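**Q** model this:
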Amino acid sequence: MKKLKGQTLTLDLVVALSLFLFLILLVLWAMDMSFSKINTSKSQQWNYQKVVDLSINLFETEGIPSNWKKDNVDSIGLLNEYGTSNISWDKFLEFEELYNNNKSLLLELSGLKNDEDIAIVIGEKEIGDISGWDREKYEIIKLTRIKTVNGSSEQCHIYVKMRGY
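**A** Take a look at the predicted model:
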């Protein structure tokens with residue numbers, strides 16, 4: 001085989017450059033995937049922490065004022081008295097009134113946005129309907145706490161529909 005002087009473009013060079021570019025693109029793609037997973041994880045953490053904070057407000061405080069009603073509330077809490085685990089059924093019914101009649105105020109007091117939603121289930125009583133929530137578009141977070149309601153221990157579930165990640 002005859003060697004030509006000054007020959008710069010050979011089959012070896014084309015293969016080597018193609019392989020090099022392929023590897024660079026593969027590394028960039030892997031970095032992009034890693035960063036998107038990190039951002040998704042941060043978003044999920046943020047949403048979960050928001051729901052934990054909301055459940056603490058609802059199930060661990062009396063609210064402000066402590067004898068709040070649907071037309072006079074600054075912060076919603078369902079406890080009868082701070083430091084106990086007794087849920088006030090009257091406050092739960094006031095929460096239901098707010099949900100049914102002034103949902104935008106309820107969402108604002110809960111720290112949620114207008115396209116987000118909340119549902120609470122205590123025993124057999126459910127406020128909010130989670131069956132129609134689009135699980136593809138929204139992230140559904142559920143937390144459960146055990147509280148005393150009317151003298152007996154009940155599971156209190158809070159469901160929050162938040163923007164997807």
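**Q** which residues in this structure form strands?
**A** Shown for the chain, the strands assigned by DSSP state E span residues 63-64, 75-76, 86-87, 117-122, 125-127, 138-149, 152-163.
**Q** so for the fifth one, what's the average pLDDT?
**A** Rounded to a whole number, the mean pLDDT of strand 125-127 is 87.
**Q** buried set for that strand?
**A** Residues of strand 125-127 classed as buried: Ile127 (neighbour count, 16 or more other C-beta atoms under 10 Å). For glycine as for every other residue, the C-beta is placed from the backbone atoms N, C-alpha and C.
**Q** for that strand, packing partners?
**A** Where contact means 3 or more C-beta pairs under 8 Å, 6 or more residues apart in numbering; DSSP states H and E, strand 125-127 is packed against helix 89-101, strand 117-122.
**Q** Give the partner strands of the last one in its sheet and their orientations.
**A** According to DSSP bridges, the neighbouring strands of strand 117-122, each with its direction, are strand 125-127 (antiparallel), strand 152-163 (antiparallel).
**Q** tell me the mean pLDDT for that strand?
**A** The pLDDT scores in strand 117-122 average 87.
**Q** Over to the first one?
**A** Averaging pLDDT along helix 89-101 gives 90.
**Q** For that helix, C-alpha coordinates in CSV please.
**A** The C-alpha coordinates for helix 89-101 follow below in CSV (Å, rounded to 0.1, in the frame of the first residue of the first chain):
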residue,chain,number,x,y,z
TRP,A,89,-65.4,17.1,65.8
ASP,A,90,-66.9,20.6,65.7
LYS,A,91,-63.7,22.0,64.1
PHE,A,92,-63.7,19.1,61.7
LEU,A,93,-67.2,20.0,60.6
GLU,A,94,-66.1,23.7,60.3
PHE,A,95,-63.3,22.5,58.1
GLU,A,96,-65.9,20.7,56.0
GLU,A,97,-68.0,23.9,55.8
LEU,A,98,-64.9,25.8,54.6
TYR,A,99,-64.1,23.1,52.1
ASN,A,100,-67.6,23.2,50.6
ASN,A,101,-68.3,26.9,50.8
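**Q** Give the buried residues for it.
**A** Neighbour counts using 16+ other C-beta under 10 Å place Lys91, Phe92, Glu94, Phe95, Glu96, Leu98, Tyr99 of helix 89-101 among the buried residues.
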